[in-house]
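Student: Fold the following for me, if possible:
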Amino acid sequence: MITFEKFCPPSLANNNQIDYVLGENVILLQVKDGTARILDFDGEYHVISDTAALIISETLKFGSEKVVDKLAQKYSIELSQAEEDVKFFLKELTDKKIIYHLEKSQNEHINGKTNLSVVLEKLLKSIGHRVWIPLQWH
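Tutor: Numbers count the residues shown, from 1 in each chain. This is a model prediction of the structure:
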């Protein structure tokens, strides 16, 4: 089972700790087993582990500082190790333009082109609610 969760642009978020947002043509699909899929409509598709899915989803919801604490607690590791792991992973995602740091990007990615993720969100929701009736051949 795959769940679709929309991550609000920072202007709509009530949490001022949010420091990263998804790229404009990127969606994150979380799978029931804890892993996730990143669909980048500018050309890439990524399957990520449950730990990586935790890092990206928690960062998008609560900010990167909060995810460091959660990661250290969940895996019983030092805060410094958790911080290093989170920074490394977020840098990889930033380099691939999957996510953007708000201060560094100055929200450039939010304005401009048509946002394909909005179109895909509507499509995924309509597929999820559609009732499929099997065809009967006579």
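
Student: buried sites along the longest helix anywhere in the chain?
Tutor: Counting by DSSP state H, the longest helix found in the chain is helix 79-95. For helix 79-95, burial by neighbour count (16 or more other Cβ atoms under 10 Å) applies to 82, 83, 85, 86, 89, 90, 93, 94. For glycine as for every other residue, the C-beta is placed from the backbone atoms N, C-alpha and C.

Student: try stretch 65-75
Tutor: Quick answer for stretch 65-75 (16+ other Cβ under 10 Å): 67, 68, 71, 72.

Student: relative orientation of the strand or helix carrying the third one and helix 79-95 in degrees?
Tutor: Secondary structure here is read from DSSP states H and E; on that basis residue 71 sits in helix 64-75. Between helix 64-75 and helix 79-95, the angle comes out at 130 degrees (axes from the mean of the first three to the mean of the last three Cα atoms, to 10 degrees).

Student: picking up where we left off before, output the buried residues of stretch 65-75 as TSV; include the columns pLDDT and distance to residue 49.
Tutor: Putting the buried residues of stretch 65-75 into TSV (pLDDT from 0 to 100; distance: Cβ to Cβ, whole Å) gives the following:
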residue	pLDDT	distance to residue 49
67	95	15
68	95	17
71	94	13
72	95	17
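
Student: hmm, which two among those are most spread apart?
Tutor: 67 and 72 (9.6 Å; Cβ to Cβ).

Student: Give me the contact list for stretch 56-72.
Tutor: 5, 7, 15, 17-22, 28, 30, 36, 38, 48, 51, 54-55, 77-79, 81-83, 85-87, 89-90, 93, 99 (Cβ atoms under 8 Å, 6 or more residues apart in numbering).

Student: still on that earlier bit, and the longest helix of the chain, what does it pack onto?
Tutor: helix 50-62, helix 64-75, strand 99-101 (3 or more Cβ pairs under 8 Å, 6 or more residues apart in numbering; DSSP states H and E).
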